[in-house]
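A.B. asks: sharing a model prediction with you, sequence too.
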Amino acid sequence: MSFREKYGPWAVVSGASAGLGACFARDLAARGLNLVLVARRADRLEELGRELEAGFGVETLAVPLDLCQDGFAGRLVEAVGGREVGLLINNAGFGATGGFLEADPAWNARMVRLNCEATVLLAHAFLPAMVDRGRGGMVMVGSTASFQPCPWMAVYGATKAFDLMLGEALDEELRGQGVDVLSLCPGHTDTEFHQVAGVKGPVAGGSADPAVVVKGALDRLGRKQHWVPGLLNKLMSLGARFGTRRMGASLTGKMLKSRMVG
Ligand SMILES: NC(=O)c1ccc[n+]([C@@H]2O[C@H](COP(=O)([O-])OP(=O)(O)OC[C@H]3O[C@@H](n4cnc5c(N)ncnc54)[C@H](OP(=O)(O)O)[C@@H]3O)[C@@H](O)[C@H]2O)c1
């Protein structure tokens, strides 16, 4: 079965207006999938849609939505209508650096809402029809932050641990029903994320090309349960699993504190 037969004809990409999400949309269009593009910035989604339609001859639907708003999932399902969605890229997310006690509680709650609650609601919205058809897939975007506590990015790290655990659990639950789930756990990648999160860059080991990260993830969908791009990131994620969690928290805290802006 080709990629399009297994995961098409439509894919929903959350956070498609920038960074990894826009790269997912481009790569999937090159694989022949039609795209539902979701994020808040309508102008960017529409521009990307035009680029993909002209470049790859696919259909696109731009759905400008704030995934932190009540009722977003119902509005998205309504906009998607009868289109057959075979792939969900659960990607929209943001981070923030700084001490937990100095952070705005409402901002942290919003991060949990987008990075955790919205991913759950998106999965509920699109996975059941895939299971009924006996084919489909989901990519959950976690992070290297998923593997250990992240002092100075405490809430972000916790949300990404949630995403990894959710993705891996769903892959296990849906195995045998034709639906594949891959959790992608990138390290520092060249997107708008760091500007939004207030992280200094670049880091030792450099910043990954988002197009390379995305291609690697899509090539591994159905073959792996999670994927950490880059040797250094892989070693760090293994270190976090084989050392004590306290050791991981201490090392990660030192590294993240040195990278806070201001
Ligand atoms: N870049 C990295 O180094 C890195 C590393 C590990 C994991 N990640 C993960 O990768 C994912 C994508 O991030 P990125 O690096 O591509 O960052 P990015 O360039 O900042 O893109 C984030 C995307 O999320 C969307 N978004 C943010 N808030 C939203 C909301 N309330 N409703 C709907 N969409 C929203 C943004 O669109 P609008 O602003 O238009 O809404 C944008 O399209 C995130 O889950 C992040 O945690 C990134």
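C.D. replies: Received, thanks.
A.B. asks: right, and Ala16 touches Ala42 too?
C.D. replies: No. The criterion here is Cβ atoms under 8 Å, and Ala16 misses it with Ala42 at 11.2 Å. In short, each C-beta sits where N, CA and C put it, glycine included.
A.B. asks: more neighbours, those two?
C.D. replies: More neighbours surround Ala16 than the other of Ala16 and Ala42, with 32 against 14 (other Cβ atoms under 10 Å).
A.B. asks: may I ask which helix or strand encompasses that one?
C.D. replies: Under DSSP states H and E, no helix or strand contains Ala16.
A.B. asks: how about the residue nearest to it when sequence neighbours are not counted, phi and psi?
C.D. replies: Excluding its sequence neighbours, the residue lying closest to Ala16 (Cβ to Cβ, 6 or more residues apart in numbering) is Leu37, at 3.9 Å. Dihedral pair for Leu37: phi -100, psi 120, per degrees, to the nearest 10.
A.B. asks: and the pLDDT at Leu37?
C.D. replies: pLDDT recorded at Leu37 is 99.
A.B. asks: tell me how many other residues crowd it.
C.D. replies: 27.
A.B. asks: so it makes contact with Leu61?
C.D. replies: Yes. Assessed by Cβ under 8 Å, Leu37 is found in contact with Leu61 at 7.0 Å.
A.B. asks: element containing whichever residue of the stretch 51-200 of the chain sits closest to the ligand, please.
C.D. replies: Using Cβ to the nearest ligand atom, the single residue of the stretch 51-200 of the chain nearest to the ligand is Gly93, 2.4 Å away. Under DSSP H and E, no helix or strand contains Gly93.
A.B. asks: so what's it up against?
C.D. replies: Residues in contact with Gly93 (Cβ atoms under 8 Å, 6 or more residues apart in numbering) are Gly15, Leu114, Asn115, Val141, Thr159, Lys160, Asp163.
A.B. asks: so what's the residue nearest to Ala16 bridging to?
C.D. replies: Taking DSSP bridges as the rule, Leu37 bridges to Val13, Ala62.
A.B. asks: quick check: it vs the ligand, distance?
C.D. replies: Relative to the ligand, Leu37 is positioned 9 Å away (Cβ to the nearest ligand atom, to the nearest Å).
A.B. asks: circling back to that earlier point, can you check which residues contact both of Leu37 and Leu61?
C.D. replies: Contacts common to Leu37 and Leu61, judged by Cβ under 8 Å, 6+ apart, are Gly49.
A.B. asks: would you mind naming what in the stretch 151-262 of the chain lies close to the ligand?
C.D. replies: Neighbours of the ligand within the stretch 151-262 of the chain, by Cβ under 6 Å from any ligand atom: Pro186, His188, Thr189, Thr191, Glu192, Phe193, Val196.
A.B. asks: just the pLDDT for the third one.
C.D. replies: Reading off the confidence values, Thr189 has pLDDT 95.
A.B. asks: give me the neighbour count for the residue nearest to it when sequence neighbours are not counted.
C.D. replies: Nearest residue to Thr189 in three dimensions, chain neighbours excluded: Ala208, at 4.5 Å (Cβ to Cβ, 6+ apart). Residues lying near Ala208 (other Cβ under 10 Å) number 19.
A.B. asks: ditto for Gly74
C.D. replies: Close neighbours of Gly74, defined as other Cβ under 10 Å, add up to 11.
A.B. asks: cool, and Thr60?
C.D. replies: With other Cβ under 10 Å as criterion, Thr60 counts 21.
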